[in-house]
Every structure is written in structure tokens, then in C-alpha cells.
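Chemist: this one's structure only:
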């Protein structure tokens, strides 16, 4: 009986180890497998995104994610991941319902062609005595060149001696103003104003500021507050990526792009480091311009990828950038026949191929 039990245990352990080894390829795609939210305020928007990068030649599919605890919800951003593309598992701490120390294990499932499961973990402490309202600084969409402000309230339930002693951030584009509203037995309130400066670059703003208190417990003195928004460009270009395809040496190809502005503007300059490109612009001041782009390759062959910057007469030479790509054919060589898909091998280590090599 003991012998049968030991053999069964050995077999189960062996299966577990083989399964673990077989799924190592999936773990390698994650930037990390654990995150500590730290100490956060009740009602605060507390989110972490686990980054997944497809290192392999095959397209990967995330089929599901489940959480072991109601204190954390999980969602998937981008279920289908092609080679070198990224996906995210978004873990959101439920700070409105839970308080105290909590943690959760998130199980991420990958489907065909290669099935696997990867577990990541989050944990942190939700303070029930400190409440942010609203739970984060959300600027939303902000026009380029304009400032934006958001105000939130910090409420503390506890001793009258509690104070916010400082508010810090490492982002020079954010300004913070703190104002004490009231102080009474059992309750302290502050107004916290966060300002986004007008010189912020176009794109997403994702950062955090830290509220520092005089709590007796050292680990509870620093409370993060998340800041997010998006600066919308005044000048846009369509398409942002211009694909010219195959071009023979000495031949030429012309395409047009559309440049739009929220106000009338003139195009004053176009920066491009490749002399094989020429540009045709319009001198009028208007809110929509058509720019002609001609590519005439000379002797060089192979892939071409060139950034192009279009500058306008708007403040600070605001403009837009596009990327142009093409392939200059080598006329002295015949076009190679594309290789067919390689046949799948039996083992996972042979099937899953690293881009540029084979996964071990």
C-alpha cells in the first residue's frame, strides 16, 4: 500500500514538474509576476498592468484571466499577440469595498496553438481611515498648449493630530497645491489641487504623486495617488505611417498625406534626413493641407524606414511626425520564393520558436 502511494506521489510530482517546465516559455513573456500596491487610500483608483511581450514567431492568444479574490479584478488588453507585440493583464485593487491587507492570484490562460497557464500575484494594504474623493486625478483629454486642473478631497477619520506634511512628485509637468479645510475631533480634511502644465508633450500622461503623512507607522506614511490624462495634438497627420511598398531603383512613387489643425496654419518646414524624398506643400494658411511625398531611390537597396517631421507656424513650431517605409528592390537578383510554413514538431520546445531563434 505504501509502495503504491509513493509511486502515485512520484508520478504526480513528475507530471507537475514536466508541466511547469513546458510552460516556462509562457512565463518568459511577462515583465514580472508579482506587484505590491503598497499602502493605498480607501476609494483610490489603484491599478497595475502586467506587461506581456510575444517573444516568439507564432501568434499567441490569451483566452481568459481569473482572480482568486474579490479584492482584485482582472481584465485583458489585446487578447491576440503577434510577434513582438504587447498585451496587458490589468489588475484593479477593489479599494471601495475592502480594507486591510489583501492579496490575489491572477491566473492567465493561453489558448491554441499552445496552451499554458501563468499565475501572477498582487497584494497591498487598503487604509480604511484615509479616503480620496475622487479616487484619482483624471484630466481626460487636454488640448496641446493648455493647462488643466483637478481638485480632490482627502478625508481622514482618526486623531485630530493627523497631518499631511508633504506632497511629492518626480514629474516637472505637474504642480500641486494643498489646502487644509477642517480639523476636528475624529476628522481631518484637505483639498488637493493638481495642475497639468501647458508645456506637456503630446501623448498619454500616466504618473503618480505621493501624499506623505505623520502617521506613527512608517509603512503607512506614504500614500500614492494616481494621475492620468491625454494631451491631444493641435496638428495631426493621416496616415501616421505611410507604406510605399516595393520600389525599383530609379523609379519613383508619389503619395499624399493629410495634415489637419484645429486652427488655420502654414507649413513652414519639413525635416527629412533622406535625400531620396521630396515634398510638395501649399503656402496658404488653412486648417487642412495636402502634402505630396515623392520617393525616388537611387542605388541603395533594401528596407527604408524614415521619420519625417512637418513644422507649422503655430506656437513653438508645433507640427506632426509620420514614418515612411518602403523596400527598394535589388534588380540584379531574382525574387526569392517564400518558404512554406514549417511543420509542427511534437514537443512544445520545438514548436514555440523565439523570433530570431528557437525557445529552449
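Modeler: Sure thing, it's come through. Given the structure is predicted, the values throughout are model-derived calculations rather than measurements.
Chemist: quick one: mean pLDDT over the longest strand anywhere in the chain.
Modeler: The longest strand of the chain (DSSP state E) is strand 116-133. Mean per-residue pLDDT for strand 116-133: 91.
Chemist: now swap in stretch 238-250 and tell me
Modeler: 90.
Chemist: if residue 256 is in a bridge, with which residues?
Modeler: Note on residue 256: beta-bridge partners residue 292, judged by DSSP bridges.
Chemist: which residues in the stretch 1-150 of the chain form strands?
Modeler: Ranges of strands within the stretch 1-150 of the chain are 34-42, 46-53, 60-67, 72-77, 80-81, 86-93, 100-110, 116-133, 137-143, 148-156, based on DSSP state E, counting those that start in this stretch.
Chemist: so where is the stretch 201-350 of the chain shaky, pLDDT-wise?
Modeler: 317, 331-350 (pLDDT under 70).
Chemist: do that again at 80, thanks
Modeler: The model of the stretch 201-350 of the chain has pLDDT under 80 over residues 299-300, 315-317, 330-350.
Chemist: do a quick rundown of the strands in it.
Modeler: Assigned by DSSP E, counting those that start in this stretch, the stretch 201-350 of the chain shows strands spanning 203-213, 222-232, 235-238, 241-247, 253-265, 267-271, 277-280, 286-295, 302-312, 319-328.
Chemist: which of those strands sits closest to residue 95?
Modeler: Residue 95 lies closest to strand 222-232 among the strands of the stretch 201-350 of the chain, at 11.2 Å (C-beta to C-beta). Just so you know, the C-beta spots here come from the backbone N, C-alpha and C atoms, and that holds for glycine as well.
Chemist: so what's the closest residue to residue 254 other than its chain neighbours up against?
Modeler: Spatial nearest neighbour of residue 254, excluding adjacent residues (C-beta to C-beta, 6 or more residues apart in numbering): residue 294 at 4.5 Å. Neighbour list for residue 294: 252, 253, 254, 277, 278, 279, 280 [criterion: C-beta atoms under 8 Å, 6 or more residues apart in numbering].
Chemist: the third one: what's it in contact with?
Modeler: Think residue 254. So residue 254 contacts 292, 293, 294, 295 (C-beta under 8 Å, 6+ apart).
Chemist: would you quantify the distance from it to residue 216?
Modeler: According to C-beta to C-beta, to the nearest Å, residue 254 and residue 216 sit 71 Å apart.
Chemist: cool, and the fourth one?
Modeler: Note on residue 277: its distance to residue 216, by C-beta to C-beta, is 65 Å.
Chemist: same for the helix or strand hosting residue 192, what does it pack against?
Modeler: Using DSSP states H and E, residue 192 sits within strand 187-196. Judged by 3 or more C-beta pairs under 8 Å, 6 or more residues apart in numbering; DSSP states H and E, the packing partners of strand 187-196 are strand 137-143, strand 148-156, strand 174-184, strand 203-213, strand 222-232.
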